[in-house]
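A.B. asks: what would the 3D arrangement of this be:
(chains A and B)
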Amino acid sequence: MKLNKITLLLCAVIGMATSNLALATQTVQKQNKTPSIKQLKQELQQLKKNYQDKITELEDRLTDIEDNNDETQGNIDQLAIDVSQQGNQKADNTFNPGIGVVLNGRYVNYKNNFKFALPGFFLGDESGPGKQGLQLGESELNLSSNIDDKFYGSATLSFGDGEANVEEAFIQTINLGHGFNIKAGRFFSDIGYLTNKHVHTDDFANRPLPYVAFLGGQYGDDGIQSTWLAPTKLYWESGAEIYRGDSFPAAGAANSGVGVWTAFTHVGGDIGVSSSWRAGLSYMHADVNGRQSPAGDLFTGTSKLTIADFIYKWSPQGNRADQEIKLQGEYLFRNEQGVFSAANNANLTDASLDRNQDGWYIQGVYRFARQWRVGVRTSRLHSDNLPNQFDNSFLDGFNHSPTQNSVMLDWSNSEFSRIRLQADKNNLNGQHDNVFTLQYIAAFGAHGAHSF
Amino acid sequence: MKVLNKITLACSALLITSTVNIASANINVFACEPEWQALAEELGGDKVTTFSATTGMQDPHQVQARPSLISKMRNADLLVCSGADLEVGWLPVLLRRASNPKIAVNKPGYFFAANHVKLLGIPKVIDRSQGDVHAAGNPHIQTSPKNIALVAKALVKRMKTIDPTNASYYQKQTDNFLQRWKVSLRKWKNQIRPFKGARFIVQHASWDYLMDFGKFKQVATIEEKPGIPPTTGHLSDLVKQFKADPADIIIHAAYQDERASKWLSKRTGIPSVTLPFTVGGDDKAKDLFSLYNNTFNLITNTLTKDK
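C.D. replies: Predicted structure coming up:
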């Protein structure tokens, strides 16, 4: 085919050339007097132009033929695909959900074989950086899919330390319109910035101190959430949640199983093409019905938490691939009121408690090459003083304000695997301790979401 | 309860104002990449307002579902993206967060360009040990100008469905665009015909459609596996291979780190050139026409110098 086309083109060009040449010779002969140089030049110019026009025309014809061929070929290909798919029996697994698995493991080394404790803070079950030595971190299995035209569903099971947990299992509306979204089931709250993030997406191997102290790392429970996204140019989303109230900082599913409510609002946007930001304000009201410490101390009352959060990201021309700076900070303030009973002190029974505690962290992470990131973080906690009757009790902070400074370096071979080295300098109870963590995080299966 | 009432009131007030705004607006286009923003502008003229989630200097794989994108998507009437899993990391999150029924799956406002062209580079082995492979095929369809015409024909149908009162306007705009495009296509084809079979080294496997359009030959990729930076071992293998038998040109997209390409170019003497890849990828690529004008000029100039 191609050879034919080329031959055609060549013949045409040669044909034209000969005929034109003949014509030119005739013209010259007819004039038989010596023509002026100017005349000859003009004729030569004309000749050149004629050739060029003819060549362009032939090229265009060639392009047309090629295009037609391509189109025909395309149609044939399509036909072949259509035919091959006819009568295909779709197997049961056609509608398989997205399946994603996250693997996470770590080696933790405490310099002084210390026990994680935050004096003065009533902690949840899963606080602390984990055991000394090698261990499986939180590894999880996620299944998610659109259920139908109205609902999306997601279930995340987490494995670690010999037990499996339903971390999240919820349905969520899609396409409700007017910016509304409703979610029901078990899920992580949208208060603050880190709360609804799965820990494997964190920039550090452990949660900052205020999250550990006030939310047990993160707050998730059985509940319902409604959010509304304003039709404004600036991103502005607000929402409210109610929860059963079984998880820390709540306990005992107070009020017949509606023990917690929250409200939050977030705004955000871009600054030019290079930067984007988000800021938020959240409030959580938890009715606590018999929260128990590991030693058996009991608290019943209300726990009110306010969070202000801020995150800012910068990358050159907004291209995150090779360079990015991420600054993030949150301030958490908690007030707890109620009655406290100490396990080992009969004098401290049903003592009335009204206490303010607060904490904050600020962190910066810099991706300086496609695969490498470095980060620093500092966390602080503070409690106000309690009446003398609480001295030496579980709630006594001994006037210490716990601090933690962390640095981390991580390397990601691809988007799906990461190895991290982190060092924490802790001063939690008046004694310094250094903790080193070596961690891997890997994800396979369904493509993870690039959340902001 | 009082607070709740107030919030509801405030919400309804805002809702009413927003509905009024939307009713008077044209088609509000949310494009994932600048080439589709440019195309929507060509076809929609002054009846559309457009926004692109990425610029020509950003890696479209790496985008995050950032707040501004959620807001933009909430108010969009038409979503125009490449598809074929290019946006798999961020588009599904955005769609869920935006909760916008106009651009829900399979609604007229849900448009993926890759569904309207023949995809190349469908991997034989779908395994992440081969890098960040796109199972559906190569999603970077805008590297061939021929695909733009195919997408335009499909896109105008959606515009006419979404905004029927202006249907004839969109058709007229499109006919006009396609006419001009045909002329340009001829020009580009004639311009690159002499370089048929030229041997290309590419940084990332994103130029399959350009290779097909120009009948060029891709002889190597600098990223051995897509999405994973080149290893020194692979780079030195390339140096060995192409010192003995040089390729004609090394290309990379404007948003990519050029160091590996430049390094290889220095070691092998093969000229390297930065191509805009999409609208806004360099100063000259201001719209679809100038994008390809500049792309083919850069290629042919480099290949001519080479000879």
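A.B. asks: show me the contacts for residue 253.
C.D. replies: Answering for chain A, as no chain was given. A:244-246, A:259, A:289 (C-beta atoms under 8 Å, 6 or more residues apart in numbering or on different chains). Using the backbone N, CA and C atoms, a C-beta is placed for each residue, glycine as well.
A.B. asks: wait, chain B was what I had in mind.
C.D. replies: Counting by C-beta under 8 Å, 6+ apart, B:Ala253 makes contact with B:203-204, B:206, B:274-277, B:281.
A.B. asks: which among these count as buried?
C.D. replies: Buried by 16 or more other C-beta atoms under 10 Å in any protein chain shown: B:203-204, B:206, B:274-277, B:281, out of the contacts of B:Ala253.
A.B. asks: filter these down to the ones in strands?
C.D. replies: With strands taken from DSSP state E, the overlap with the buried ones among the contacts of B:Ala253 comprises B:274-275.
A.B. asks: residue 176 is in what secondary structure piece?
C.D. replies: Defaulting to chain A. Using DSSP states H and E, no element contains A:Leu176; it sits outside every helix and strand.
A.B. asks: I was thinking of chain B, sorry if that wasn't clear
C.D. replies: Assigned by DSSP H and E, B:Asn176 belongs to helix B:167-192.
A.B. asks: count of neighbours near A:Leu428?
C.D. replies: The local packing of A:Leu428 (other C-beta atoms under 10 Å in any protein chain shown) involves 21 other residues.
A.B. asks: what does A:Asn50 give?
C.D. replies: A:Asn50: 12 neighbours (other C-beta under 10 Å).
A.B. asks: pLDDT value on it, please?
C.D. replies: A:Asn50 is assigned 88 on the pLDDT scale.
A.B. asks: shouldn't it be within a helix?
C.D. replies: Yes. Assessed with DSSP: H, G, I helix; E, B strand; the rest coil, A:Asn50 lies in a helix.
A.B. asks: in the chain, which ranges drop under the pLDDT threshold?
C.D. replies: Picked chain A for this. A:1-34, A:70-94, A:113-115, A:124-129 (pLDDT under 70).
A.B. asks: nope, chain B please
C.D. replies: Along chain B, the model assigns pLDDT under 70 to residues B:1-25, B:306-307.
A.B. asks: find the closest residue to chain A in it.
C.D. replies: Nearest residue of chain B to chain A: B:Pro67, at 2.9 Å (C-beta to the nearest C-beta).
A.B. asks: would you mind measuring from that residue to A:Gln225?
C.D. replies: Distance, B:Pro67 to A:Gln225, using C-beta to C-beta, to the nearest Å: 18 Å.
A.B. asks: show me the contacts for the closest residue to chain B within chain A.
C.D. replies: The minimum distance from chain A to chain B, using C-beta to the nearest C-beta, falls at A:Gly268 (2.9 Å). A:Gly268 makes contacts with A:234-235, A:276-279, A:452, B:66-68, as judged by C-beta under 8 Å, 6+ apart.
A.B. asks: you'd agree A:Ser238 is in a helix?
C.D. replies: No. A:Ser238: not assigned to a helix; according to three-state DSSP it is strand.
A.B. asks: now do the contacts for it.
C.D. replies: Taking C-beta under 8 Å, 6+ apart, we find A:Ser238 in contact with A:227-228, A:230, A:263-266, B:7.
A.B. asks: which one is the residue of chain A closest to chain B nearest to, not counting chain neighbours?
C.D. replies: Take A:Gly268 and drop its neighbours on the chain: the residue closest to it by C-beta to C-beta, 6 or more residues apart in numbering or on different chains is B:Pro67, 2.9 Å away.
A.B. asks: identify the residues contacting the one you found.
C.D. replies: By C-beta under 8 Å, 6+ apart, the contact set of B:Pro67 is A:235, A:266-269, A:276-278, A:452.
A.B. asks: now swap in A:Asn413 and tell me
C.D. replies: Taking C-beta under 8 Å, 6+ apart, we find A:Asn413 in contact with A:371, B:228.
A.B. asks: also A:Ile224?
C.D. replies: Counting by C-beta under 8 Å, 6+ apart, A:Ile224 has contacts A:182-184, A:241-242.
A.B. asks: closest to A:Ala342 out of these?
C.D. replies: Closest approach between the contacts of A:Ile224 and A:Ala342, by C-beta to C-beta: A:Ile242, at 31.7 Å.
A.B. asks: past the one helix or strand A:Leu409 maps to, which element shows up next along the chain?
C.D. replies: For A:Leu409, the enclosing helix or strand under DSSP H and E is strand A:403-414. Next helix or strand after strand A:403-414 toward the C-terminus (DSSP H and E): strand A:417-427.
A.B. asks: list the pairing partners of the next helix or strand after that next one within its sheet, with orientation.
C.D. replies: Where DSSP H and E defines the elements, the next helix or strand beyond strand A:417-427 is strand A:432-445. Here strand A:432-445 is paired, per DSSP bridges, with strand A:98-110 (antiparallel), strand A:417-427 (antiparallel).
A.B. asks: does the closest residue to A:Ala155 other than its chain neighbours count as helix, strand or coil?
C.D. replies: Distances taken as C-beta to C-beta, 6+ apart put A:Ala169 closest to A:Ala155, at 4.4 Å, once the chain neighbours are dropped. On the three-state scheme (three-state DSSP), A:Ala169 is labelled strand.
A.B. asks: A:Ala169 contacts A:Gly185, correct?
C.D. replies: Yes. A:Ala169 lies in contact with A:Gly185 (C-beta atoms under 8 Å); the separation is 5.2 Å.
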